[in-house]
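Participant: Here is my input; please provide its structure:
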Amino acid sequence: MSTDDDGRTCCNSRQNGVVQPLLTDLYQITMAYAYWKSGKMNDHAVFDLFFRKNPFQGEFTIFAGLEECMKFLKKFHYSSSDIKYLKSTMPATVDQRFFDYLQSLTAKNVTIYAIDEGSVVFPRVPLLRVEGPLIMVQLLETTLLTLVNYASLMATNAARYRMVAGKNITLLEFGLRRAQGPDGGLSASKYSYVGGFDGTSNVLAGKLFNIPVCGTHAHAYITSFTCIDDLHGKTLAHKQTGDVLDLLELAYKHREAIADDLGALASQASGGELAALISYAVAFPERFTALVDTYDVKSIEASAKGQAQVASLNVKNKLLTNGSNTHAQNSVRNNPFISEPTTQLHKNGFLRRGELGELYVRSGLLNFCAVALALNDLGYRAVGIRIDSGDLAYLSNVARDIFEKIAVKYDIPWFAKLMICASNDINEETIISLNEQNHKIDCFGIGTHLVTCQRQPALGCVYKMVEINDEPRIKLSQEVGKVTIPGRKDAYRLYGSDGYALIDLLQKTTEEPPQVMQKVLCRHPFQQTKRANVTPSRVEPLHKIYWKDGKLCQPLPALQEIRNRVQESLNTLRNDHRRNLNPTPYKVAVSDTLYRFIDELWSQNAPIGELR
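Facilitator: The predicted structure follows:
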């Protein structure tokens, strides 16, 4: 943490260099000139930044991006090169004195009220209330929106993954290569961590934001070794004694032993894969995690050898189903490492789940277990495996079953708890499906669908004027959802007797705040008959002054604190508001005074039609 000039703490994550006043739409500059030209630049304006609908067909949103907004305000200034560029872009008729005025602007006369970053928020409730000179608050619009929109969408997406995965599953963000450019990748890493992910593969994000970084190796590492002869370093010192032993020799010994137990042949396992795993274990003996599906799950070899393998497996099935051969039947059943296989080919010639499992066991898992047992001989504990293709639920169960049985046979209990990490285009629906199939996965590596926000690419925050020179402003529309709530407003969260959040209430800033255990009339902003009396057990004011007189007015928490707030805030919602399928809408209401104010202003501003 670092300290600002006013003594308050600021998070030490680096402000992106592209976040500057020119990161805006051209029409903000042209409007600014028109305001200046007409003498309206110092009119006092109030804008609300809010969204109209929760993303991902859900009923909550996580507010994120506030820290970056504050850093943008602190650094707001048009440089000489900015002014030079604007002069070349704007029409020649623009008064040159405007550019001098523009270069003198700072955010010192802006005041911002905001909800704490990491809070659960809902439609129509202002995330930011921005007050100040009209020209200045207008120039902030696009940049504030771009800092809040994706950050909040990403944090919400990550929080939804966390909820469906459960609190005991490790979630890792693997999306840098699929993100929308470098800045998109950094933002995705940062805000997926805020939303509940445990780490990222993005090394720069780890450095900038102090996020745990993680990763194993790619298929390329395995395929770079063609045979055992490619292995040049195979010895490793014992962790306790320091004795240097041949890891390959130990792995060979264990592979022969467990191959029999798995009903596989050690000679069928890939020598190049074993060489790769040995070399990786030598490099990282205390962090050995292996990708085990390079030569297994989708092997082309499976198609060519399918008929022969199916014939062999049919023999096993007949032994299991034909009661006339009891001895052979029991022999197969009693082998703890052989699961009962299915016996049919898919129409494309590839093997079904049982056969895929045997292929998976025959090379990837067999080689991994051999190396893990060899490491154990030298005092090290392997971490686990990653599966990047195939039937993840089934294959995770195969792996867990093997780990548990090896743990029992060799009396090494920790082996049963080896981590199983799954990747491969995982989204919310994938995890829900895997949960229904009783998977044995401990960790998900999620990339594309997380960082691109597959189900909804934008949140849709808007920035609307609600007051100018103490006069309220309302935007009318044929779509009621696009009608704005006018005037300066405070927001409160009212809690029910069960301790859960019940309703968010907007009221005019001139009204007295709602009181605990005192009845308050809550009304739908636009529908007269939708109303209810609420007696809150707790009242939480949502807005705080974050920026005033050119200074930060609240401490900016570290990313970990924001991350914790997300989970704490989500826990204030009932399960039916949070659930993935058909969640119950959370209510946002206005006070009776604000309702009447909206109705009156609407009547004053709505045009009166004429019929002839």
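Participant: Quick check: closest non-adjacent residue to residue 576.
Facilitator: For residue 576, ignoring the flanking residues on the chain, the nearest one in space by C-beta to C-beta, 6 or more residues apart in numbering is residue 584 at 4.2 Å. The way it works is simple: take the backbone N, C-alpha and C, and place the C-beta from them, glycine included.
Participant: Which strand or helix spans the one you found?
Facilitator: Under the criterion of DSSP states H and E, residue 584 resides outside all helices and strands.
Participant: mind listing what the closest residue to residue 56 other than its chain neighbours touches?
Facilitator: Once flanking residues are discounted, residue 56 sits nearest to residue 455: 5.0 Å by C-beta to C-beta, 6+ apart. By C-beta atoms under 8 Å, 6 or more residues apart in numbering, the contact set of residue 455 is 55, 56, 57, 157, 427, 428, 449.
Participant: Nearest to residue 504 among those?
Facilitator: Ranked by distance to residue 504 (C-beta to C-beta), those are led by residue 55 at 17.4 Å.
Participant: now the closest one, nearest residue through space, not along the chain?
Facilitator: If the residues on either side of it in the chain are set aside, residue 55 comes closest to residue 456, at 4.6 Å by C-beta to C-beta, 6+ apart.
Participant: give me every residue that touches the one you found.
Facilitator: Listed by C-beta under 8 Å, 6+ apart, the contact set of residue 456 reads 55, 56, 153.
Participant: Please identify which helix or strand holds it.
Facilitator: With elements taken from DSSP H and E, nothing contains residue 456; it lies in neither a helix nor a strand.
Participant: So what does it have for phi and psi?
Facilitator: Dihedral pair for residue 456: phi -160, psi 110, per degrees, to the nearest 10.
Participant: Distance check, it against residue 181.
Facilitator: From residue 456 across to residue 181, the span is 19 Å (C-beta to C-beta, to the nearest Å).
Participant: repeat for residue 193
Facilitator: Counting by C-beta to C-beta, the gap from residue 193 to residue 181 is 19 Å.
Participant: cool, and residue 396?
Facilitator: Counting by C-beta to C-beta, the gap from residue 396 to residue 181 is 34 Å.
Participant: who's more crowded, those two?
Facilitator: More neighbours sit around residue 396 than around the other of residue 396 and residue 181, counting by other C-beta atoms under 10 Å; the figures are 23 against 8.
Participant: ok, back up a step: would you list the buried entries among the contacts of residue 455?
Facilitator: By neighbour count, with 16 or more other C-beta atoms under 10 Å, these hold 55, 56, 157, 427, 428, 449 as buried.
Participant: List the contacts of the nearest residue to the last one once chain neighbours are set aside.
Facilitator: This points to residue 449. In this structure, residue 449 finds its nearest non-sequential neighbour in residue 427, 3.9 Å apart by C-beta to C-beta, 6+ apart. By C-beta under 8 Å, 6+ apart, residue 427 lies in contact with 446, 449, 450, 454, 455.
Participant: Let me have these in a markdown table, extended by distance to residue 533.
Facilitator: Supplementary listing: the contacts of residue 427 in a markdown table, determined by distance: C-beta to C-beta, whole Å:
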| residue | distance to residue 533 |
| --- | --- |
| 446 | 44 |
| 449 | 43 |
| 450 | 42 |
| 454 | 42 |
| 455 | 37 |
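Participant: and of those residues, the nearest to residue 244?
Facilitator: Here the nearest of those to residue 244, counting by C-beta to C-beta, is residue 446; it sits at 39.9 Å.
Participant: Contact partners for the closest one?
Facilitator: Taking C-beta under 8 Å, 6+ apart as the criterion, residue 446 is in contact with 161, 171, 172, 173, 174, 175, 197, 423, 426, 427.
Participant: Of the residues you listed - the most surrounded one?
Facilitator: Ranked by the number of neighbours (other C-beta under 10 Å), the contacts of residue 446 place residue 173 first, at 32 neighbours.
Participant: Run a quick check on it versus residue 192, I expect a contact.
Facilitator: Yes - with contact defined as C-beta atoms under 8 Å, residue 173 counts as touching residue 192 (4.3 Å).
Participant: what is in contact with those two at once?
Facilitator: Common neighbours of residue 173 and residue 192, using C-beta under 8 Å, 6+ apart, are 158, 200, 450, 451.
Participant: now the helices for the stretch 451-600 of the chain?
Facilitator: The residue ranges that make up the helices of the stretch 451-600 of the chain, judged by DSSP state H, counting those that start in this stretch, are 559-570, 575-578, 592-605.
Participant: Restricting to C-alpha, output the second one in CSV.
Facilitator: This file holds the C-alpha atoms of helix 575-578, laid out as CSV (Å, rounded to 0.1, in the frame of the first residue of the first chain):
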residue,chain,number,x,y,z
ASN,A,575,-30.4,-17.9,-2.4
ASP,A,576,-33.3,-17.4,-4.7
HIS,A,577,-31.8,-14.0,-5.8
ARG,A,578,-28.5,-15.7,-6.5
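Participant: who touches it?
Facilitator: Residues external to helix 575-578 that are found in contact with it (C-beta under 8 Å, 6+ apart): 58, 59, 60, 163, 570, 583, 584, 585, 586.
Participant: Could you report the neighbour count for the second one?
Facilitator: Residue 59 has 19 neighbours, counted by other C-beta under 10 Å.
Participant: can you check the fourth one too?
Facilitator: In terms of burial, residue 163 registers 21 neighbours under the definition other C-beta under 10 Å.
Participant: would it count as being in a helix?
Facilitator: Yes - the assignment for residue 163 by DSSP: H, G, I helix; E, B strand; the rest coil puts it in a helix.
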